[in-house]
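S.K.: Here's a sequence, model it:
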Amino acid sequence: MLPEALIDAASALLDACREAGMTIATAESCTGGLVAGCLTEIAGSSDVFERGFVTYSNEAKSELLGVPAAMIARHGAVSEEVAKAMAIGALARSRALMTVAITGVAGPGGGSKEKPVGLVHFASAITGGTTVHERHEFEGNRSDIRREAVRTAIRILADRIPRQAY
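M.R.: Numbering: from 1, shown residues only. Now for the predicted structure:
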């Protein structure tokens, strides 16, 4: 179902998390749960993957993750501010030790000059640490953009694991 390279990256992430004692939650919008699906494709992932929030609508972002509606209205759902709030909200509403949040424009419609198709904001929150943000503009069709977003989310999580765990 998912490309082998993504499954391999997810498997390596899960192994590194086990070694470090880290657990993960996801907060996904434009990927619609694909990161969670990729992680749970691997047998035994439940000892690392705690839960996933699919918050495709603005209302879901507010209701499930506590993203202020005023923030969404001011910055738009596809923004650094909302991505960070999603990551922090997922951390607060789960038992996970780190999170990744994804919000973007996967297309083919919905883009604008300011927020083109392919724009994706990522954020990751970690217990006792900082919240980080990355902005990417991916090319390709909807499937390509979503696949690259999954790959990037897995890499961001892997980068957050404390180095002494390796």
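S.K.: How many residues are close by residue 19?
M.R.: Close neighbours of residue 19, defined as other C-beta atoms under 10 Å, add up to 13. C-beta coordinates here come from the backbone N, C-alpha and C atoms, glycine included.
S.K.: All further residue positions should be reported with the first residue as 24.
M.R.: All right, first residue 24 from here; so that's residue 42.
S.K.: pLDDT below threshold where in the chain?
M.R.: Along the chain, segments meeting pLDDT under 70 span 187-189.
S.K.: residues making contact with the helix ranked longest in it?
M.R.: Identified as the longest helix of the chain according to DSSP state H is helix 165-183. Outside helix 165-183, the residues that touch it by C-beta atoms under 8 Å, 6 or more residues apart in numbering are 25-26, 28-29, 32-33, 35-36, 39-40, 47, 49, 53-55, 57-58, 61, 121, 123, 125, 127, 129-131, 140-141, 143, 145, 147, 149, 152, 155, 157, 159, 161-163.
S.K.: switch to 7 Å and redo it
M.R.: 26, 29, 32-33, 36, 39, 47, 53-54, 57-58, 61, 121, 123, 125, 127, 129-131, 141, 143, 145, 147, 149, 157, 159, 161 (C-beta atoms under 7 Å, 6 or more residues apart in numbering).
S.K.: can you give me how far it is from the chain middle?
M.R.: 8 Å (C-alpha atoms, centre = their mean, to the nearest Å).
S.K.: Same check on stretch 175-184?
M.R.: The answer for stretch 175-184 is 9 Å, by C-alpha atoms, centre = their mean.
S.K.: now swap in stretch 168-185 and tell me
M.R.: So, by C-alpha atoms, centre = their mean, the centroid of stretch 168-185 is 7 Å from its chain's centroid.
S.K.: For ChimeraX, what selects the buried ones among the contacts of helix 165-183?
M.R.: Selection command for ChimeraX covering only the buried members of the contacts of helix 165-183, criterion 16 or more other C-beta atoms under 10 Å:
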select :29,32,33,36,39,47,53,54,57,58,61,121,123,125,127,129,130,141,143,145,147,149,157,161
